[in-house]
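Peer 1: sequence? don't have it. structure:
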Ligand code: SAM
Ligand code: DTB
Ligand code: SF4
């Protein structure tokens, strides 16, 4: 690791307000604190802003799988690679509502619907708006991720009652072009601006473990924490292995301690954002997840599947959260 581990307990010089002017030196200072100082600071910030013994539970459904024109090098759903994913059409609303009902019964409080699109077409959006309204009526928070969004589409989703829009910045500006060429980071930032303008809450994070450096991971946090307003939700995905995509040639799973450092730094830089351990929990031990919760992670995806890859099974999550005395939709 090139980021220096600092000797002093206050090397990050952080402020607890929701700052959007973080410097690289500050972020690296936090990340490189002695581990106990970093986790203590993150846990302190966490307690000032959240119930430290509660974790949010979200459930994910792929409403349109595969056949995507984009070239995201980590993704099984791009039509450019052969990851063995069979393309499907957009699901019927009744099937989506049935899945949302089942997710609620299983303990989810948020239902996230994902489509493998570059951006939605008008007709697609009408159908997704109907799904959002119907899922919300079940008493679930709603989230969709449909690719790039213009202001007109964002406003229609807001009118349908959408709570969150997920659109990840994915990685640092420096590493970005080696993973994705069909949409720019600026395109993504514009989508987030449209979502914000329409009054929808933002869910935006990224992926680690694709072969990037620690500096790139910190670069991603700087992008997120210096947006005009912090995303309300910040998903941190460990790359979930899929065969046949370019990232499989460069991927390297982060050292578990580096994962905890990243979560803690995210918690301190975005004190009021919900930080989600998203993809890749299947590779994490119970002990690593416990450390991530201690460092300020406070959301998980539940359910056996994410979109095309696996997630830990429900009984394992129930047992883990119960051993940690953490409340969630799973225990209610
Ligand atoms: N097509 C839309 C888009 O990309 O904007 C929405 C769906 S896309 C699958 C949502 C996010 O999932 C991506 O931005 C990426 O961060 C994450 N993702 C995709 N494949 C992944 C993988 N194998 N491991 C971890 N995260 C992944
Ligand atoms: C996010 O940040 N992670 C989720 C959700 N947003 C849409 C997606 C994870 C996908 C993992 C790979 C797969 O299952 O295909
Ligand atoms: Fe398409 Fe989204 Fe996968 Fe990129 S991440 S290939 S946009 S489904």
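Peer 2: Structure received. Note that the coordinates shown come from a computational prediction; the quantities given were computed from them, not determined experimentally. Ligands and ions are numbered 1, 2, ... in the order given.
Peer 1: could you pull out the strands in the stretch 51-200 of the chain for me?
Peer 2: Using DSSP state E, counting those that start in this stretch, the strands of the stretch 51-200 of the chain run over 56-64, 110-115, 141-145, 164-166.
Peer 1: can you list these in CSV and add mean pLDDT, mean neighbour count and distance to residue 229?
Peer 2: Yep, even glycine has a C-beta here, placed from its N, CA and C like the rest. Shown next, in CSV, are the strands of the stretch 51-200 of the chain (pLDDT from 0 to 100; neighbours: other Cβ atoms under 10 Å; distance: least, Cβ to Cβ, whole Å):
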stretch, mean pLDDT, mean neighbour count, distance to residue 229
strand 56-64, 98, 23, 19
strand 110-115, 98, 24, 20
strand 141-145, 98, 24, 17
strand 164-166, 98, 25, 13
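Peer 1: save those as a markdown table, and put in distance to residue 30 too.
Peer 2: Below are the strands of the stretch 51-200 of the chain laid out as a markdown table (distance: least, Cβ to Cβ, whole Å):
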| stretch | distance to residue 30 |
| --- | --- |
| strand 56-64 | 24 |
| strand 110-115 | 28 |
| strand 141-145 | 28 |
| strand 164-166 | 26 |
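Peer 1: tabulate those strands in a markdown table, adding columns for distance to ligand 1.
Peer 2: Formatted as a markdown table, the strands of the stretch 51-200 of the chain follow (distance: least, Cβ to the nearest ligand atom, whole Å):
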| stretch | distance to ligand 1 |
| --- | --- |
| strand 56-64 | 8 |
| strand 110-115 | 4 |
| strand 141-145 | 4 |
| strand 164-166 | 6 |
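Peer 1: in contact with the closest residue to residue 199 other than its chain neighbours, which residues?
Peer 2: Sequence neighbours aside, residue 158 is the residue nearest to residue 199 in space, at 5.3 Å (criterion: Cβ to Cβ, 6 or more residues apart in numbering). By Cβ atoms under 8 Å, 6 or more residues apart in numbering, the contact set of residue 158 is 198-200.
Peer 1: before we move on, which element is the residue positioned nearest the centre of the chain in?
Peer 2: Nearest to the geometric centre of the chain sits residue 235, at 1.8 Å (Cα atoms, centre = their mean). For residue 235, the host element (DSSP states H and E) is strand 233-238.
Peer 1: just checking, what packs against that strand?
Peer 2: The contact analysis (3 or more Cβ pairs under 8 Å, 6 or more residues apart in numbering; DSSP states H and E) places strand 233-238 against strand 164-166, strand 201-203, strand 206-208, helix 256-269, strand 274-277.
Peer 1: residues making contact with it?
Peer 2: 143, 164, 166, 168, 201-209, 224, 253-254, 259, 262-263, 266, 270, 273-281, 283-284, 297, 299.
Peer 1: can you pick the most crowded of the contacts of residue 158?
Peer 2: In terms of neighbour count, residue 200 stands highest of the contacts of residue 158 at 23 neighbours, by other Cβ atoms under 10 Å.
Peer 1: thought that one was touching residue 155?
Peer 2: No - the pair residue 200 / residue 155 is not scored as a contact, 9.1 Å apart, by Cβ atoms under 8 Å.
Peer 1: name the nearest residue to residue 262, sequence neighbours excluded.
Peer 2: residue 217 (5.5 Å).
Peer 1: nearest to residue 120, of the helices and strands packed on strand 233-238?
Peer 2: Nearest of the helices and strands packed on strand 233-238 to residue 120, taken as Cβ to Cβ: strand 164-166 at 11.3 Å.
Peer 1: now look at that closest one and say if it contacts ligand 2.
Peer 2: Yes - applying Cβ under 6 Å from any ligand atom, one finds strand 164-166 in contact with ligand 2 at residue 166.
Peer 1: so which elements touch that strand?
Peer 2: Contact here means 3+ Cβ pairs under 8 Å, 6+ apart; on that basis strand 164-166 packs against strand 110-115, strand 141-145, strand 201-203, strand 233-238.
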